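*Asks:* got a predicted structure plus its sequence, pasted below:
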Number of protein chains: 2
Amino acid sequence: MSYQAPYKDMQWLVEQAFTRQNLAQLESLADYDLDLANVIIDEANKFASNVLAPLNVIGDVEGCQFNAGQVSTPTGWKEAYAQFRDSGWIGLALPEEFGGQGLPKYIAQPVNEMWLSSNLAFVMFAALAQGGSEILLKFASDKIKARYLTPIVTGEWTVAMALTEPNAGSDLGALNTKAIPQENGNYLIKGQKIYITYGEHDMADNIVHLVLARTPDAPAGSRGISLFAVPKYRVGDGGEVGEFNDIRCTGIEHKTGLHGSPTCSISYGDNDACIGELIGELNQGLMAMFVLMNEARLSCGMQGVALGELAYQKALQYATERIQGSGTQGERVAILEHPDVKRMLLTMRSETFGLRSLGYQIAALIDVSEQSQDADQVNSAHRRIALLTPIFKGFATEQANRMAGTAVQIFGGMGFVEETGIAQIMRDARITTIYEGTTGIQSKDLLHRKVRADKGTALSELLVLIREDVSSVKQYPALQTSAGRIEQACDELVATLDQVILNPSKSVTDLDCVSVPFLMAMGGLCTAWQLACTAAKAQQAMNDDPDYFANVVALLDVYSTYSLPHVIAELSAVNSQVIGLNAYRFS
Amino acid sequence: MSYQAPYKDMQWLVEQAFTRQNLAQLESLADYDLDLANVIIDEANKFASNVLAPLNVIGDVEGCQFNAGQVSTPTGWKEAYAQFRDSGWIGLALPEEFGGQGLPKYIAQPVNEMWLSSNLAFVMFAALAQGGSEILLKFASDKIKARYLTPIVTGEWTVAMALTEPNAGSDLGALNTKAIPQENGNYLIKGQKIYITYGEHDMADNIVHLVLARTPDAPAGSRGISLFAVPKYRVGDGGEVGEFNDIRCTGIEHKTGLHGSPTCSISYGDNDACIGELIGELNQGLMAMFVLMNEARLSCGMQGVALGELAYQKALQYATERIQGSGTQGERVAILEHPDVKRMLLTMRSETFGLRSLGYQIAALIDVSEQSQDADQVNSAHRRIALLTPIFKGFATEQANRMAGTAVQIFGGMGFVEETGIAQIMRDARITTIYEGTTGIQSKDLLHRKVRADKGTALSELLVLIREDVSSVKQYPALQTSAGRIEQACDELVATLDQVILNPSKSVTDLDCVSVPFLMAMGGLCTAWQLACTAAKAQQAMNDDPDYFANVVALLDVYSTYSLPHVIAELSAVNSQVIGLNAYRFS
């Protein structure tokens, strides 16, 4: 069996997000109700399971080929792209004005999850189209919008994001690519970039590189970086594709995973003929790029969910079929019957279910932030999205790595044999904690920018909400033990905030010693919170579908038993006087 | 830089094990003192770093080739094997009577660690020779010993272990290979086995397969399994290598890691001409194989240490060279200066250091069990080794996977690029929690056979010892915080034993739900215990080498800050009423 969308989970969790964020109140979403959501999820499932999933292994085995500046994608990639484009999936959540379908994020999110589960390497262009379009919508001149947006939204062209240079990775302020102003208002771009996903490929007519570069008089560091639209083929005044723009792919990486997605090194302007158009203001490039980056980080968190789901599905199928060992009566049984295998499967399932719920709630919050007319509501949504983004990105991707490893473990010796396909998930997942900002970067963003910078306001609001929810969960006797454990974690978190995170006497170094444990604790707490909410809803809905909802209730218990104690452990690390780390001297 | 043995750590930890287990009292070890140990460690380091380490990447990239029943090992493998054999490394800890060097295990262990770090895929034959020889020494007839042992101990022949069949993996009782008795006392072997490490290769003149099979009238299940010596080429009465023994390699696996080590499928007796000689008693095969298995499990635990060390060395080197981000004065710095990178490196270093100490103590305990004349001492050593084996195997390999992942994380984007070589460690490590008994199998062995079967005697003895050690560690003010945390973990463990592990009202299913968390808790506690002991010794020796010993002290603090809280978390899972796991129904 290849991937099948967890349709029931998706449908129900979309409904939970819709209700919880009260999307029915948003007038502009009046035409985009849950019925529509279900139709679209259904359609997307067909495409994901029938078209994309079968190509996933082919992409891994064949990989991309580089030859004299050209990149060929794996067998079937080109045709699948054409089908994807022609079905209008790329512009799903982009404005109708430019050829998109204008769907809200809360519907786009489960669709996105299906793409990511069925073939992560393939669909990396989709998040780039989404994020790239949002940058142009927000910052680009009308002239650029008019010429670039429609081909991007319709998938005629793709987007690439050119940030990293060999000496500028996490620290983008160190980048060196030059942008020399020309008399006509354009810029000559010159420099080398690496790690550009789909920076060159054979699936679309043009590739719009969004390139970070420095003008000659720009200030040093991250305040002197501007953003440019740099197409592979120049774009004329009427939007027509013109001559080659002096952009050369110099190689692709030989990676541990994601073999189907070309990771390109690109040389811009070898012959001084690479033209870029400025997007937004000079020296404001990083800010603009952060629009795409935030989009990419949320999408990356969904990658964690999606890979966890895929790993779970494959491991469950194997565990159902593989006969090994004996049951309580001595009979030979499928390994699914062994308690430890059950434990592995259900820790994966509870993690994925809780994080999916979180991802859908964030998507619905984005709809509120974009569609609400109420300024307070918009601001509050913005604050919460900003807070949850690094938590979701950092935590879900770390968990994806663990879950992929657990799935291999369930396969036993067969897990180490490439033909079973389970190791691919582990190899693919490995990059998710690295790209779009490592877990370390997410944790610094969370601790310094999202918590300390606002004196803990957004986090306190979130904690109030979690406590309210958990307190109301306690009305169900079956959920009281778990709810009590979550309350204990909240208490510990409050103590940690007081003593460490918001303590003004702590230095940046002190805090950076514990930023990742803090992020991991927040991730685990948010997952438990989501599972508490879904378990309570399941209790209410129990009679509608007793089998399904009893399982939803069980997932909270599984999580609070096996995973939640590690939240306390992470907080205990945060609360420690970190002595050894500073005392140790690397010789 | 390629791998270099951590000579100082090894030397000092060998000394700690020697002293702690009081090996000086063993008369038979009088000639094998610490000076000799240091000379041998030094020699082995040269071989490991100069000969084996450079082949590690070649093995990964080239892999083994299968062609018409023949297996070719990677470039350089054959020559390195000849050198390894001729230097006498294979028989290092095997009897001089059969061509070995008769060294004690406490010296062989660090040597073993170096082989495993420098080229795990290559040296897999070494543990097979060691374990295979021990089986023959203990169970084989004089006739078999006389003909087989010397060529194995000297490395003229290699050993392969043929257990697994497609339907008999963790559950060996299900195996089906037949052994038909012949009039001359030998057996005709017939069947298919898989996952046979070095089951076929081009490095030695003969391969002795130790095959588990059933005679026609054998009882069903694991009580009807016998063990046979089945050489690739028959061995005559005088030990001469004779005709082909109808053993065919039918393929090798395409694995995620360990590409240099051929994992063979073997067909025995396709032409009814495969002769095996019974080892030990009929139907006692599993017991005999467990000698090799226990050896293999301890060696597998050392693989965890060895891969952790290799990952640490490479990550440290990268972190020292990679300039990225700014220091506290805004200057560009190596990433080693970033607190979170330090945290990642030192959690790896503290884990490896503590587990290495545990591995060396176990080796010294084996020397006591084999060389002591005092029956009580021997019994007590046996009990402790039996208890620690599943803990060490299960925990060290799980940690190796985490550490390999952390090393990739430190490399950032470069970690996902295969050329840097760091991802190989992650891929290689992935099998260590699976082969020689999965973590789940280790946890059942620990909980049922090693703890419940003796009513917790061995574990209680260990706990007494840990408490004594930790209590004496408290005399050093700098170690009190960490010691207090370990005591807290001991208290929790005692409660867990009482309420769950030794509770007679718990069912096997109840216990199997929490066996892995229990093993993980025990592993973390033992690591912390070892680090507490080494920190105390470091305090005493501080003036001899202040830089080194201050770091040893710091490692305890790092571990007790970041890792030890997870011991409490695992125990908390063990102590929970596991409801969700049993309530959940897979549809």
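*Replies:* In hand now; what should we look at?

*Asks:* for chain A, which spans come out with low pLDDT?
*Replies:* Along chain A, the model assigns pLDDT under 70 to residues A:1.

*Asks:* would you map the strands across it?
*Replies:* A:65-67, A:70-72, A:157-162, A:178-181, A:187-197, A:206-213, A:226-231, A:233-235, A:241-244, A:247-252, A:263-268, A:275-279, A:323-326, A:332-334 (DSSP state E).

*Asks:* out of those strands, which comes closest to chain B?
*Replies:* Minimum separation from chain B across those (Cβ to the nearest Cβ) falls at strand A:323-326, 4.5 Å. Every C-beta, even on glycine, is put in place using the N, C-alpha and C of the backbone.

*Asks:* quick revisit: can I get the strands of chain A in CSV including distance to chain B and mean neighbour count?
*Replies:* What follows is these, written out as CSV (distance: least, Cβ to the nearest Cβ, whole Å; neighbours: other Cβ atoms under 10 Å in any protein chain shown):
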stretch, distance to chain B, mean neighbour count
strand A:65-67, 14, 13
strand A:70-72, 16, 16
strand A:157-162, 13, 26
strand A:178-181, 20, 19
strand A:187-197, 5, 22
strand A:206-213, 16, 26
strand A:226-231, 21, 26
strand A:233-235, 28, 19
strand A:241-244, 28, 12
strand A:247-252, 10, 20
strand A:263-268, 8, 23
strand A:275-279, 24, 23
strand A:323-326, 5, 16
strand A:332-334, 7, 16
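
*Asks:* do I have it right that A:Ile431 meets A:Lys255?
*Replies:* Yes - using Cβ atoms under 8 Å, A:Ile431 is in contact with A:Lys255, at 7.5 Å.

*Asks:* count the residues that sit near the nearest residue to A:Thr420 once chain neighbours are set aside.
*Replies:* Leaving aside its sequence neighbours, A:Thr420 sits nearest to A:Met414 (Cβ to Cβ, 6 or more residues apart in numbering or on different chains; 5.0 Å). Counted by other Cβ atoms under 10 Å in any protein chain shown, the residues lying close to A:Met414 total 20.

*Asks:* A:Lys474 too?
*Replies:* 17.

*Asks:* so how far is chain B from it?
*Replies:* 16 Å (Cβ to the nearest Cβ, to the nearest Å).

*Asks:* how about that residue, phi and psi?
*Replies:* When read as degrees, to the nearest 10, the backbone of A:Lys474 gives phi -70, psi -10.

*Asks:* and if you look at A:Lys232?
*Replies:* phi -60, psi -40.

*Asks:* could you find the closest non-adjacent residue to A:Met522?
*Replies:* Nearest-residue entry for A:Met522: A:Ile391, 4.8 Å, with adjacent residues in sequence omitted and distances by Cβ to Cβ, 6+ apart.

*Asks:* tell me who's in contact with the one you found.
*Replies:* Neighbour list for A:Ile391: A:Gln442, A:Leu446, A:Leu519, A:Met522, A:Gly523, A:Cys526 [criterion: Cβ atoms under 8 Å, 6 or more residues apart in numbering or on different chains].

*Asks:* can you name the residues that contact the third one?
*Replies:* What that stands for is A:Leu519. A:Pro390, A:Ile391, A:Gly394, A:Phe395, A:Thr439, A:Gln442, A:Ser443, A:Leu446, A:Leu447.

*Asks:* look up how far B:Asp428 lies from whatever residue of the stretch 151-300 of chain A ends up closest to chain B.
*Replies:* Going by Cβ to the nearest Cβ, chain B is nearest to A:Thr256 of the stretch 151-300 of chain A, at 4.1 Å. Separation of A:Thr256 from B:Asp428 (Cβ to Cβ, to the nearest Å) stands at 12 Å.

*Asks:* over to A:Leu511?
*Replies:* 35 Å.

*Asks:* check A:Val473 too.
*Replies:* According to Cβ to Cβ, A:Val473 and B:Asp428 sit 45 Å apart.

*Asks:* show me which of the contacts of A:Ile391 is closest to A:Gly221.
*Replies:* A:Gln442 (21.3 Å; Cβ to Cβ).

*Asks:* hang on, isn't the closest one packed against A:Glu398?
*Replies:* No - using Cβ under 8 Å, A:Gln442 is not in contact with A:Glu398, being 9.6 Å away.

*Asks:* neighbour-wise, which of these two wins?
*Replies:* Per other Cβ under 10 Å, whichever of A:Gln442 and A:Glu398 has more neighbours is A:Gln442, with 29 against 22.
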